[in-house]
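# Here is my input; please provide its structure:
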Amino acid sequence: MIKKLAIAFLSVLILSCSSSSEEQRQKIPDGTYRPSGFHAFINHGQGNYPVSLVKADTLYHLFYTTGTDEWGHLSSTNLLSWTPEISFPTKTEGIGEVIWDTRNFSGLNAEWYSFQNLDGAIHMSYSVNGLQWDEYTNNPVIQSEGIPTIIWNDDLEIWILTLSSGNNISIHTSTNLIEWQEKSSIAAAIDISRAALMKQNEQWVLLMQGESLYYQLGDFDGETFSSDRAIVNYEGVVASKGAILKTNDEAVFLAKNISDHEQLPTFTTPRSITLDDEVLKLFPAESFSNEIVGKRRAKLNRLFTDGPSWYSFYANRAFNKMEIVITDNSSELRITWNKSENNINVNGSALASENVSEILLASDYSQETITVDILIDHASVDLFLNKGAFATTILTFPDTFFSKVEVFLDDEMYDANGVLYDIGI
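The predicted model follows:
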């Protein structure tokens with residue numbers, strides 16, 4: 001008999017503060033509140049790993065774990081400003097998958113589907129409205145355990161489910177979200193917490209998350225993923241259990257930040273996933289461009305800001321060391337890229353203690369002209385090199401708001417031409 005999972009419209013609202021006026025606002029060290037900028041910021045339960053990032057019509061939905069028997073739920077029109085929604089009950093404290101689809105492949109006349117790892121198998125629930133959920137009568141739908149990720153592929157006209165457990169990734173396919181067939185499996189050389197198989201820019205790519213973010217290019221014939229390419233470590237991203245949104249129009253990655261500090265943003269900025277000349281790139285999602293309310297061009301050290309901003313400049317001079325200094329009136333953040341030592345060091349009085357202070361680099365990001373993009377909000381700085389070939393989030397505690405960016409090449413001031421975009425959130 002189908003068991004009804006009714007959602008109580010009580011105190012399970014995901015409120016980051018005590019009133020609607022304080023939703024998505026973040027406490028800073030002096031005890032006041034400020035908007036959390038580009039990040040989803042929550043204070044609901046514990047852990048708070050992304051479960052799924054879903055787009056339903058024009059609204060984005062982010063589901064996340066709470067360490068309890070419910071998944072939290074936020075919604076957004078732009079992936080930047082988030083509104084708490086009613087969470088829904090689960091039978092697992094772990095990560096699963098949520099799907100929105102209006103084509104009724106399942107024949108259940110539902111639009112929402114959730115997949116959870118329970119008792120060593122994958123169970124499915126479904127909902128017409130995302131509020132009241134029914135357990136599927138013939139659960140489990142897959143007799144294997146692991147963390148599922150599900151992506152639809154138009155070319156093959158199938159749902160592709162990757163199930164990750166340890167270093168094993170099994171690939172399952174379905175045409176109706178109910179009947180799944182295991183087609184093949186992959187023994188990865190690293191432990192994988194979550195994987196996704198998707199086609200991007202006409203190229204199949206297997207995204208793998210563990211201690212970092214990894215990817216491998218290859219071919220997929222509807223059953224087997226094959227590749228003679230090496231697994232590539234996308235440096236700078238700590239992503240043990242990030243969520244991936246894949247539609248015909250966009251691919252977006254969002255992960256948990258490295259800190260559980262209540263005054264720091266919970267998740268990273270949303271990043272578009274692209275492939276450029278077979279190199280995976282993570283760059284600010286298209287929604288950032290849509291929220292630009294001002295644009296100024298000048299020498300970089302003459303561009304000042306007092307709110308969420310996007311700095312962009314390029315370095316077309318040879319150097320061994322690049323130092324980026326970001327300051328407010330009394331605190332600073334220093335990002336030092338040392339090519340000869342193959343690392344990026346981060347320090348300064350505004351650096352959150354939870355942040356990694358050194359990033360070791362295996363790849364060479366040098367090229368004739370190096371592009372640098374920096375996103376600045378109230379508690380983080382995001383650094384992008386070469387249009388997303390490298391990306392990292394740096395958590396910060398500035399005394400006020402970072403207002404100025406200066407660049408030094410081999411300890412000399414580099415008077416770069418820059419562009420400053422004001423983000424209207």
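
# which residue is nearest the centroid of this protein?
Leu254 (0.9 Å; CA atoms, centre = their mean).

# quick one: that one from Asp260, how far?
17 Å (CB to CB, to the nearest Å). In this view, the C-beta of every residue, glycine as well, is placed from N, C-alpha and C.

# quick one on the thing from earlier: ok, the residue nearest to the centre of the chain to Leu177 distance?
On the measure of CB to CB, Leu254 and Leu177 end up 23 Å apart.

# Repeat that for Ile231.
As judged by CB to CB, Ile231 and Leu177 stand 30 Å apart.

# try Asp373
38 Å.

# One more: Ile244?
18 Å.

# quick one, which of these two is more surrounded?
More neighbours surround Leu177 than the other of Ile244 and Leu177, with 24 against 21 (other CB atoms under 10 Å).

# Quick check on the nearest residue to Val356 once chain neighbours are set aside: phi, psi?
Once flanking residues are discounted, Val356 sits nearest to Ile258: 6.8 Å by CB to CB, 6 or more residues apart in numbering. In terms of degrees, to the nearest 10, the main-chain angles of Ile258 are phi -80, psi -10.

# count of neighbours near Ile258?
For Ile258, the count of nearby residues is 17 (other CB under 10 Å).

# That one reaches Leu395, doesn't it?
Yes - here Ile258 lies in contact with Leu395, judged by CB atoms under 8 Å, at a distance of 7.3 Å.

# where does the stretch 201-350 of the chain have low pLDDT?
Along the stretch 201-350 of the chain, segments meeting pLDDT under 70 span 239-240.

# Could I get the full set of helices for it?
In the stretch 201-350 of the chain, the segments counted as helices under DSSP state H, counting those that start in this stretch are 286-290.

# all strands for it, in order.
203-209, 213-220, 225-226, 232-234, 243-246, 251-254, 271-276, 279-284, 292-299, 309-315, 321-327, 332-338, 343-347 (DSSP state E, counting those that start in this stretch).

# now for the ones you listed, which one comes closest to Ser363?
strand 232-234 (8.1 Å; CB to CB).

# Apart from its chain neighbours, what residue comes closest to Glu70?
Ser87 (4.6 Å).

# Quick check: the one you found vs Ser226, distance?
40 Å.

# if you count what's nearby, which of these two comes out ahead?
Neighbour totals were compared for Ser87 and Ser226, and Ser87 leads with 22 against 12 (other CB under 10 Å).

# Roughly how far does the more buried one sit from Val407?
44 Å.

# same check, this time on Ala230
According to CB to CB, Ala230 and Val407 sit 33 Å apart.

# Compare those two and say which is more crowded by neighbours.
Applying other CB under 10 Å to Ala230 and Val407 shows that Val407 carries more neighbours, namely 21 against 9.

# Was I right to think the more buried one contacts Asn417?
No - contact criterion CB under 8 Å: Val407 and Asn417 do not qualify, at 11.0 Å.

# which residues do the two both contact?
Leu300, Phe313 (CB atoms under 8 Å, 6 or more residues apart in numbering).

# from memory Phe408 sits against Asn320, does it?
No - shown here, Phe408 and Asn320 do not form a contact pair, counting by CB under 8 Å, at 11.8 Å.

# These two: who's more crowded?
Using other CB under 10 Å, the more surrounded residue of Phe408 and Asn320 is Phe408, with 16 against 12.

# so which strand or helix has the more buried one?
Secondary structure from DSSP states H and E places Phe408 in strand 404-409.

# tell me the average confidence for that strand?
Averaged across strand 404-409, the pLDDT comes to 96.

# who touches the next helix or strand after it?
As assigned by DSSP H and E, the chain's next helix or strand after strand 404-409 is strand 412-413. Residues outside strand 412-413 that contact it (CB under 8 Å, 6+ apart) are Asn301, Glu406, Val407.

# Quick check: buried residues in the helix or strand just after strand 412-413?
Moving toward the C-terminus from strand 412-413, the next helix or strand (DSSP H and E) is strand 417-423. Burial within strand 417-423, assessed by neighbour count using 16 or more other CB atoms under 10 Å, is assigned to Gly418, Val419, Leu420, Tyr421, Asp422, Ile423.

# ditto for stretch 247-261
Quick answer for stretch 247-261 (16+ other CB under 10 Å): Glu250, Ala251, Val252, Phe253, Leu254, Ala255, Lys256, Asn257, Ile258, Ser259.

# which residues does Ala110 contact?
So Ala110 contacts Asn104, Tyr126, Ser127, Val128, Asp134 (CB under 8 Å, 6+ apart).

# Surely the fourth one is in contact with Asn104?
No - distance between Val128 and Asn104: 10.8 Å, which falls outside the contact criterion (CB under 8 Å).

# Val403: neighbour count?
That one is not Val; residue 403 is Ser. For Ser403, using other CB under 10 Å, the count is 17.

# now Arg317
12.

# any idea how far the nearest residue to it once chain neighbours are set aside lies from Tyr314?
For Arg317, the nearest residue in space outside its immediate sequence neighbours is Leu409; the separation is 6.2 Å by CB to CB, 6+ apart. For Leu409, the distance to Tyr314 equals 12 Å [CB to CB].

# what do you get for Leu264?
Distance from Leu264 to Tyr314, by CB to CB: 30 Å.

# Then Asn386?
10 Å.

# So which of the two has more stuff around it?
Asn386 (20 against 15).

# That one: what's it in contact with?
Tyr365, Gln367, Ile370, Thr371.
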